[in-house]
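Asks: The sequence isn't on hand, but the structure is:
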């Protein structure tokens, strides 16, 4: 038996199932010596077509599903929180994840991986349960959603982008990096798009371009395409290092070969996995 981990996903889209499939395939082939002890979803059967499909997939692979509906948990408090009452949202988040912890504590996993889990976890859960999360930026890079990250990169005229797997802490997107990969934004295919944007910015502000183009902006789409293509390889490369013991996480810290680490650059491994995964 390898490293025991938990898997968190809302299962809201096909990508959630595809990601789980890739990891399960790697486990079955022996490439990843780990065991997925449970798959937690904040959606129960009947709450969505995609999440129902995801939960069927979980069972097909013989994995243990653990479901607990966030939509049905204290709905009045949740509505107040989603309506803009930050105090109510924080209270709901604490109460919900306290119940989640009760449902997963007995599995005794080394950590859980958040793979398309659409809720912000509570501070208490961050302290009591080790979790890893994917963030679409390099360590020290932009924070926020992937859309916000890309626009920040464009605004900064960044020369490179990347993604990282980091420990989840109460400070959103600021946990210690476990592993990361980088890629340049200065190749010929990017240069023409940067030039086009620079020409437009002689007449329009970036805010105007964001409002008019949104996610259809060609440079935005190119950055997203490159970042998204590396997400699964990064997850596989990171899990491989954790499963083989080269990288360990303990007490909120990351260790490489027993030494505290600021995060491992796995760009070379990720580039090598790009062709084998897709």
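Replies: That came in fine, so what should we check first? Please read these numbers as outputs of a predicted model, since none were measured by experiment.
Asks: got the contact list for residue 168?
Replies: Shown in contact with residue 168 (Cβ atoms under 8 Å, 6 or more residues apart in numbering): 114, 121, 126, 131-133, 175. All C-beta spots, glycine's among them, are computed from the backbone N, C-alpha and C.
Asks: Against residue 27, how distant is it?
Replies: Distance from residue 168 to residue 27, counting by Cβ to Cβ, to the nearest Å: 22 Å.
Asks: ditto for residue 190
Replies: Distance of residue 190 to residue 27, given as Cβ to Cβ: 36 Å.
Asks: Over to residue 191?
Replies: 41 Å.
Asks: Neighbour count for the two, which is higher?
Replies: Higher neighbour count among residue 191 and residue 27: residue 27, with 18 against 11, using other Cβ atoms under 10 Å.
Asks: unless I'm mixing things up, the more buried one is touching residue 21, no?
Replies: No: applying Cβ atoms under 8 Å, one finds residue 27 not in contact with residue 21, separated by 10.7 Å.
Asks: what's the neighbour count on the closest residue to residue 158 other than its chain neighbours?
Replies: Setting aside the residues directly before and after it, residue 158 is nearest to residue 185 in space (Cβ to Cβ, 6 or more residues apart in numbering), at 5.8 Å. Residues within reach of residue 185, counting by other Cβ under 10 Å, total 21.
Asks: you'd agree residue 185 is up against residue 162?
Replies: No: the pair residue 185 / residue 162 is not scored as a contact, 10.0 Å apart, by Cβ under 8 Å.
Asks: now, which of the contacts of residue 168 sits nearest residue 5?
Replies: Residue 5 lies nearest to residue 132 out of the contacts of residue 168, by Cβ to Cβ, at 8.7 Å.
Asks: Now do the SS call for the closest one.
Replies: In three-state terms, and counting by DSSP: H, G, I helix; E, B strand; the rest coil, residue 132 is strand.
Asks: Quickly note the distance from it to residue 241.
Replies: According to Cβ to Cβ, residue 132 stands 12 Å off from residue 241.
Asks: Tell me which of the two has more neighbours.
Replies: Between residue 132 and residue 241, counting by other Cβ under 10 Å, residue 132 is the more crowded of the two (23 against 19).
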